[in-house]
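Student: Task: produce atomic coordinates for the following.
(4 chains)
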Amino acid sequence: MIAPRTIRSLKRGLSRNALAKVGIAIVVVVLFVAIFAPFVAPDRPGTQNLNESRQPPIGFEKATTQEVPVKENGSVVFEDGQIVTENRTVYENSSWDHPLGTDGNGRDILSRLIYGARVSLLVGFFGTGLAMLVGVTVGLTAGYYRGKVDDVLMRSADVMLAFPSIVLAIALIGVLQDALEQSIPDPFVQTGVAPAFRSALGLPTGMPESTTLPGTIIVVVALVNWVWFARVARGEALSLREESYVKAARALGANDASIMFRHVLPNAITPILVLGTIQIAAIILLESALSFLGFSSANISWGFDIALGRQYQSTAWWISAMPGLAIVITVIGLNLVGDWLRDALDPGIEGEGGV
Amino acid sequence: MSLARFLIKRLLQGVFVVWGVVTIVFGLRVIAPGDPANVLLPPDVGPEVRQQVIADLGLDQPLYVQYWEFVSGIALGVPEGLFNIATGQPVGGLGLGTSLTTGTSVASRVGRSLPATLELAIMATVVAVVIAIPLGVISATNRYSVPDYGATLFSLAGISTPNFWLGVMLIIVLAVQLDLFPTSQRAIGIPGVVDLLVSGQLVAAAEGFRTWLWYITLPAITLGTYFTALITRLTRSGMLDELGKTYVRASRAKGLPDALVRYKHVLRNTLIPIITVVGLQLGTLIGGAVITEFVFDWPGLGQVLINSINSRDWPMVQGSLIVIAVGFVVVNIVVDTLYTLVNPRVGFD
Amino acid sequence: MSFDVETDEVEYEGSLVEVEDLEKYYYENDTLFDRVLGREPTAVRAVDGVSFEVQEGETLGLVGESGCGKSTTSETLLGLREATGGSVRFKGRDVFRMTGSERTEFRQDAQIVFQDPFSSLDPRMTVGEIVTEGLRIHGLAGGEERTERAKDLLERVGLSARHADRYPHEFSGGQRQRIGIARALALDPEFVVLDEPVSALDVSVQAQVLNLLEDLQEEFGLTYLFVAHDLSVVRHISDRVAVMYLGKVVETGPVDEIFENPQHPYTQALLDSVPRASVEEYGRRGGTLEGDVPSPRNPPPGCRFHTRCPHARDACTKELPPDYDTGERHEAACFRVDADHEYWESEPLPHASETGEGTSVGGGIADSSD
Amino acid sequence: MSHAGHRDDLLRVEDLTTRFYTEEGQVNAVESVSFDVRDNEILGIVGESGSGKSVTALSAIDLVDSPGKITGGEVWLRDAELAGEFRGDKPEAVDGDFVDLRQLPTGVRRALRGPKFSMIFQDPMSSFNPSLTVGEQIAEAVEVQRRASANPRSTRSRTQGYGLGKLLVDSVVPGRKYTSDESHERAIELLDQVGIPDPVERADEYPHQFSGGMLQRAMVAQALAGEPDVLFADEPTTALDVTIQAQILDLLRDIQQEQGMSVVLITHDLGVIARMCDRVGVMYAGEVVERGSLEAVFDDPTHPYTQGLLGSIPDVDDPAPRLEPIEGNVPNLLDSEMPDRCYFADRCPKAMEACLEHPEERAVEGDRRHTARCVLADDEYDPERALDESQFEGGDGE
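Tutor: Numbering: from 1, shown residues only, chains lettered A, B, ... in the order given. So this is what the prediction gives:
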């Protein structure tokens, strides 16, 4: 499907551009981690272990002195009505079973990040796919037929644009609640491959059987972002229909539908795919914002963990910090890949797409 | 075609979009699963109260009647409401109905919280434009230099960082650990810039200004970062495109000094298209404000929206949505007119 | 190597292609909101009543400067643009009212080659697919047979069969035009519109393509409508020529008549302006016409050329000159052809100097009259 | 290297070489090109697309941007004043009244653009800044010269006497701007001089309100701002219709004679060359393959490429039944693919073994003023020594 020339200009773009290599590396690692989560996660994301709560990440151990009540053979000592306390240094040590530390309930942060990647990428891909489907169809039709069709379709797109995506998303979720929840079974765990692998390595087994996919969020995100695809697809259709090879096809007797599929769509696909990568990044930001605000029904997600960590902002900063870093790195990777595609294929879309 | 005709045409398009917005907001209620009434009513309300409210709000009417009442209510309410604002009376009308939880009129509650959001948005835009444009220009004019790589990496990180996480981290580091800034809230009792502009005694509040600034710094940085990064990237790539054009070579053939070619000619032509993109991205800014207000407990319209969704106070949600969307439409009309004024190529036709 | 569906030769009278008073208007500020604002859409009259015929086996040159509507005419003629008025008959049948099988047959009989080599071929398709797209659309040949036909066609236009599975970006401008020509030949057409086929090519490559077009016309008995702005190319390839100005045909006739005995002042000015590639040309001043082509949004009243014509008189601004017949099927739309027209008594217009008969008024500095 | 040239040479370019370092590899756009421009004459440079004619002009006035770079050659300009100034510390750059601009500092070369050299381009619409009025842009060109003559030393500084600081002050303080009122008046005079009707109103209009022909006239007006000695015109009429082209060619002729300046006219149209030029250089694949007077090159073309060009043009006055095109395609100028032989050999009907070495520029039958980069300059074509297909390595040959 991809023309050899496109592959060659992609490779040449790659060889010249170090940032592109970094971008691809990040995306590949995040994808790998998301797919093979059950193999890679050190611990079960959901298990709580109260006496290991709020462990700092490796390298951040610190001793803090804390007011601790004095105890004699198990009971607290009182002195004229006050509990006797003394300063005792409390070591918050980190350990290699929780390299990134643990959260308020002692759950392993690294495992939660790994499983969180699944939700974000799934929402990113499905959301972008749906938005692309709707947007490209509307955009191509509006751009190809122009006139009144174009006016009506693009005005309705303008109406959608009037709502900032996060605002419309919140409203939609407020209405839809979690009517569209899906739980997707995890093939590795269910077929027993992952548990076997983990017990062989002495890692705790019992990984989650399935991932809940926030269906509502995917629909909402697509409903909000299709407009960007519509705008790019319309622009492409408007310019492509003036190309001579489209007129030649019409002169050969081809009808509109076959011209749209054989000539307009294949040549419009490059800018749409480039926008797609940028949109996946934007949608991940949007999904994490929604789960941060508590509107996502996914049980493990980066945004939600950041929100959870806020209550420990003075004592355990890493609970909020780590998931945020995961988002930033993933989104940087996707944006770098987007830039590389845009520079190499030069589809001419500027500043489109947004949260 | 004169400016007036362009404005009329643009206002007409604006009215159409606002009508579309109102329809979508009405539609939201209809597509809610189950009985539409329970969207409008808090879950724990008793059956007789439920009947009473349904009768009051006319929810038992056929859909198109409800829709007509809803739209005409707003259409008639708005002029009346604006009139109230002009004459300084409490904002009663605006036809947005009354809040289910607080019983006060939606319009007044929204009206009171709007300045806080506007203030944040304006500060963020100012921060963005003041930093981003010079940064974009510097990195475009001396490529493959340290400032170029610096600006590119900064802008890349900027658009890749979720602003809520940036807010949380700013609070942890600057407010909690280093105690340089307040962790949340807005300067209470000290009128914000917008209120001052409205009430007009800016000078008297010099002392208040320092505290106001102290409170607004972290939220403005949180909200402004994405926007700054975006405009830096746009300025940089826009400038690079423009520098490749023939008229730049012709200007140098005339012997024009570099400063003139670069800033009077190229920068001006670079900024013109950016105005439209900024207009479009204002939606992102307002969206960002909603989150920033949640993180910093900033008493703006965004917070009103989130609280009203959580407390299922639908009239308040409707009011906030409509005001945000209408605000966006108005801003876009201003941006479009500005674009057409600045860009001689595009007449007003 | 004919693939044409047509079996019996349908009899028709008149010439292969007859264009009768063809009009094509574009409407500006015509959106929903302009309607609401009650603003009348302004019409750009790109083609404003054009008539001509193309005999079978002949090459009709359609020449004129940019904005005169020659390309719009050629595309509207084939139904690629929707005509605003007038009719086009192909083999006696009205093209704009064709439906079903009639239309399919017309699509096979009439084809087009475009000007810009870089936008006339779909970059995503191999050359073989491009050339035989017509066969695929009309289902005239299966896969294997189609690749064979593709190789055939490429060889015939001077390229090699090996090129069938390459992509357009690997070819030079001249080679791409050959591919465009091969595509037009695939359905064995009788009539081919050539819309400035060589204008974008360098002189040496231009000569190769012109020779190819002449050979193909010979071999397949093709009829050409050759649209161009380069007069020397038009003279080389055409049998008859129609000269267009601002949406109208001002003069038609056999090629030698037009070039050696031009009747319309515009044709004279065109011929006078063309620089010849010979030493005698040195120092010759060619600027007979002043000013610019008026905008087709509000064309000048009467004869449209009167604003620039060196012989313009008052009468020219009154009404549109008819197509006077000046013998040997040579027509020109100018009152000067008619000796006893009241044009000769009317006052010359300010910019038209009476002194020089067709000498150059020149836009230069030395003797600008006003 | 002695500069035995014609006594009224104004500009002498020798072995000018410009290369573009692109991703695909090194492109030899201009390959040791030599030509000279005399006082008060129009020199024509003709060639097809990709022949390097535009890059030659840009290289002469030092306007080549990256990835292009001028890698060799000398540009001798007759300027007594400049020669005097540099005779002291750069003796090797001065020869009599001539100065080799390539050896001078960039600031000095840049300061010559305007008073000594100026250039007009093919597409007028994209050669003007769309968001400034035409009058303002011409006034800018005039202002540069006014400030340069007022303070010659500063124009050679890096900021040319007008850095970002001054620009900021001018744009902030109302009433202050770069272009003075005198330069605006001069701009209107220039517009009138190039035949633009009611110049006062037109000066306040924007480029998109001008027709192609009118805007090209405005570009000529802008080029005259510094009263240059040499005007480079890069395909000035290619984008125009033939009747408008005729007007502009007449204008160029009148301006050249009135100002007594020299014009280097670059075009692919041999008709335009014949009408305008006193002497001609024919370029192919980055090299000047033949140069001489108009009569010499048109009536006695020596290089087979020149003959091929003249043969493949349809003649509007008496159409030949069949054209004789030059077979094959123009070579791409990638250094890796350019064979070390005559670049035209694989398309040349008269290629001989001698053509396998890269030919030098030779005088045609001893006449120094008419040279060709071909063995046929002073040798007859001999079929026995003809080169056959097999001896060409590489190339598709189709």
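Student: And the helices in the stretch 251-398 of chain D?
Tutor: Shown for the stretch 251-398 of chain D, the helices assigned by DSSP state H, counting those that start in this stretch span residues D:270-276, D:294-299, D:304-311.
Student: Is any residue of the last one near chain C?
Tutor: Yes - applying C-beta under 8 Å from any C-beta of the partner chain, one finds helix D:304-311 touching chain C at D:308-311. All C-beta spots, glycine's among them, are computed from the backbone N, C-alpha and C.
Student: likewise the shortest one?
Tutor: Yes - part of helix D:294-299 sits near chain C under the criterion C-beta under 8 Å from any C-beta, namely D:294-295, D:298-299.
Student: and the residues you listed as TSV, adding distance to chain A and neighbour count?
Tutor: What follows is the residues of helix D:294-299 next to chain C, written out as TSV (distance: C-beta to the nearest C-beta, whole Å; neighbours: other C-beta atoms under 10 Å in any protein chain shown):
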residue	distance to chain A	neighbour count
D:294	38	21
D:295	42	14
D:298	36	22
D:299	41	11
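Student: Near residue 309, how many other residues are there?
Tutor: Using chain A here. Per other C-beta atoms under 10 Å in any protein chain shown, the neighbour tally for residue A:309 reads 25.
Student: Chain D was what I was after
Tutor: Using other C-beta under 10 Å: residue D:309 sits among 25 other residues.
Student: who's in contact with it?
Tutor: Residue D:309 makes contacts with C:203-204, D:46, D:48, D:270, D:282, D:326, as judged by C-beta atoms under 8 Å, 6 or more residues apart in numbering or on different chains.
Student: quick check, nearest of these to residue B:3?
Tutor: Nearest to residue B:3 among the contacts of residue D:309: residue D:48, at 49.4 Å, using C-beta to C-beta.
Student: With adjacent residues omitted, what lies nearest to that closest one?
Tutor: Spatial nearest neighbour of residue D:48, excluding adjacent residues (C-beta to C-beta, 6 or more residues apart in numbering or on different chains): residue C:202 at 3.9 Å.
Student: Got the phi and psi for the one you found?
Tutor: phi -70, psi 160 (degrees, to the nearest 10).
Student: Also the one 10 residues further on?
Tutor: Residue C:212 has phi and psi values of phi -60, psi -50 when expressed as degrees, to the nearest 10.
Student: shouldn't it be in contact with residue C:174?
Tutor: No - here residue C:212 does not reach residue C:174: they are 9.7 Å apart, not a contact under C-beta atoms under 8 Å.
Student: between those two, which one's more packed in?
Tutor: Counted by other C-beta under 10 Å, residue C:212 and residue C:174 do not tie: residue C:174 has more neighbours, with 24 against 19.
Student: doesn't residue C:200 make contact with that one?
Tutor: No - the criterion here is C-beta under 8 Å, and residue C:174 misses it with residue C:200 at 9.8 Å.
Student: Now do the shared contacts for these two.
Tutor: With C-beta under 8 Å, 6+ apart as the test, residue C:174 and residue C:200 both reach residue C:117.
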